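*Asks:* how would this look folded up:
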Amino acid sequence: MKVDEDAQGAVLNRLRRAQGQLAGVIAMIEAGRDCKDVVTQLAAVSRALDRAGFKIVASGMRQCLAADGDGSADAAPMTEAELEKLFLTLA
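*Replies:* So this is what the prediction gives:
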């Protein structure tokens with residue numbers, strides 16, 4: 001399964017945002033910031049990563065429902081069980 005072009009931009013934006021947030025968390029820890037502030041920002045990073053993962057899974061579901069996978073002859077669409085396993089990995 002490949003991420004379709006429409007979803008790819010959104011996924012990359014979310015991952016870049018999470019990367020920036022994670023760098024901020026590291027800087028907060030190095031600066032000795034309050035634990036509550038660090039955990040709040042760490043939760044934001046986690047949500048951003050989850051959203052990126054859900055977008056990838058949703059893209060796979062859309063491809064599977066369209067029954068054409070990624071358009072290549074040697075790549076079969078993901079099964080419902082495979083998609084469910086990916087989804088549960090994020091839960």
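
*Asks:* low-scoring stretches of this protein, by residue?
*Replies:* 1, 63-76 (pLDDT under 70).

*Asks:* Look up how far Ala91 lies from Arg17.
*Replies:* 22 Å (C-beta to C-beta, to the nearest Å). The C-beta positions use only the backbone N, C-alpha and C, and glycine is treated the same way.

*Asks:* Comparing these two, which residue is more hemmed in?
*Replies:* More crowded of Arg17 and Ala91, by other C-beta atoms under 10 Å: Arg17, with 16 against 7.

*Asks:* dump the residue contacts of the closest residue to that one other than its chain neighbours.
*Replies:* In space, and not counting its chain neighbours, Arg17 is closest to Ala48: 5.5 Å by C-beta to C-beta, 6 or more residues apart in numbering. Ala48 makes contacts with Arg14, Leu15, Arg17, Ala18, Gln21, as judged by C-beta atoms under 8 Å, 6 or more residues apart in numbering.

*Asks:* burial count for the fourth one?
*Replies:* It stands for Ala18. Number of residues near Ala18 (other C-beta under 10 Å) recorded here: 19.

*Asks:* check which helix or strand covers the closest residue to it other than its chain neighbours.
*Replies:* Spatially, and ignoring its direct neighbours in sequence, Ala18 is nearest to Ala48 (3.8 Å; C-beta to C-beta, 6+ apart). Using DSSP states H and E, Ala48 falls within helix 35-66.

*Asks:* Which one of the contacts of Ala48 is nearest to Asp37?
*Replies:* Gln21 (12.6 Å; C-beta to C-beta).

*Asks:* What spatial separation is found between the nearest residue to Val3 once chain neighbours are set aside and Met78?
*Replies:* Excluding its sequence neighbours, the residue lying closest to Val3 (C-beta to C-beta, 6+ apart) is Ser59, at 5.0 Å. Distance of Ser59 to Met78, computed by C-beta to C-beta: 11 Å.

*Asks:* for Gln8, same thing?
*Replies:* 17 Å.

*Asks:* if we can go back for a sec, out of the contacts of Ala48, which sit inside helices?
*Replies:* Arg14, Leu15, Arg17, Ala18, Gln21 (DSSP state H).
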